[in-house]
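**Student:** Structural data only, the sequence is not supplied:
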């Protein structure tokens, strides 16, 4: 894997399925929601394109309330596919970003299903893949760990939310640092 720092100008954020019925059974769901929220604020601060996804919203419901209010006004993509890249509408929207935006930050649930399959598809498509490990989970801790281990083995960068945030910020005192600071306390 090529060693390089994340750059906001070539990155976009994909948020996978933090929906009410699913999050009710997710291991450490509060941690996942908190870190997805941080990544949302980071994306807004650095003007990254954001792809909020739902898995069969008719059955699994909307995003959990804590996130629904943040994502209000965003274009949601509903899917039945486990890999977002196998959904034609999502794939077409991502294609419009390329080649300028070639790094994807992925967060959401479940790590070993939709997050893993989407990340693997992104790698196959030639994207640089970053998985925010603490902004993802599964119904069981074991499946989360298996998913993250396999993602690392396949070439995804598995990072914490704070690692991603501070890599974007680069230094204190900037307008972006000041914008993010209230969310990091």
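**Tutor:** That came through, no problem. All of these numbers come straight from a predicted model, not from anything done at the bench. Residues are numbered from 1 along each chain as shown.

**Student:** how much space is there between the residue nearest to residue 29 when sequence neighbours are not counted and residue 78?
**Tutor:** Nearest in space to residue 29, with sequence neighbours left out and distances taken as Cβ to Cβ, 6 or more residues apart in numbering, is residue 23 at 4.7 Å. Backbone N, C-alpha and C define where each C-beta goes, glycine included. Residue 23 sits 16 Å away from residue 78 when distances are taken as Cβ to Cβ, to the nearest Å.

**Student:** neighbour-wise, which of these two wins?
**Tutor:** residue 23 (22 against 15; other Cβ atoms under 10 Å).

**Student:** In contact with the more buried one, which residues are there?
**Tutor:** 29, 32, 33, 64, 109 (Cβ atoms under 8 Å, 6 or more residues apart in numbering).

**Student:** any idea what sits nearest residue 28, other than its immediate chain neighbours?
**Tutor:** residue 137 (5.6 Å).

**Student:** so the one you found bridges to which residues?
**Tutor:** residue 109 (DSSP bridges).

**Student:** begin at 376 from here
**Tutor:** Okay, residue one is now 376; in that scheme the one you just asked about reads as residue 512.

**Student:** what's the pLDDT at it?
**Tutor:** Looking at residue 512, its pLDDT is 98.

**Student:** Counting by contacts, list what the helix or strand hosting residue 405 packs against.
**Tutor:** Here residue 405 sits within helix 404-420, counting by DSSP states H and E. Counting contacts by 3 or more Cβ pairs under 8 Å, 6 or more residues apart in numbering; DSSP states H and E, helix 404-420 is packed against strand 386-391, helix 395-398, strand 425-430, helix 440-443, strand 478-484, strand 503-512, helix 536-544, helix 550-559.
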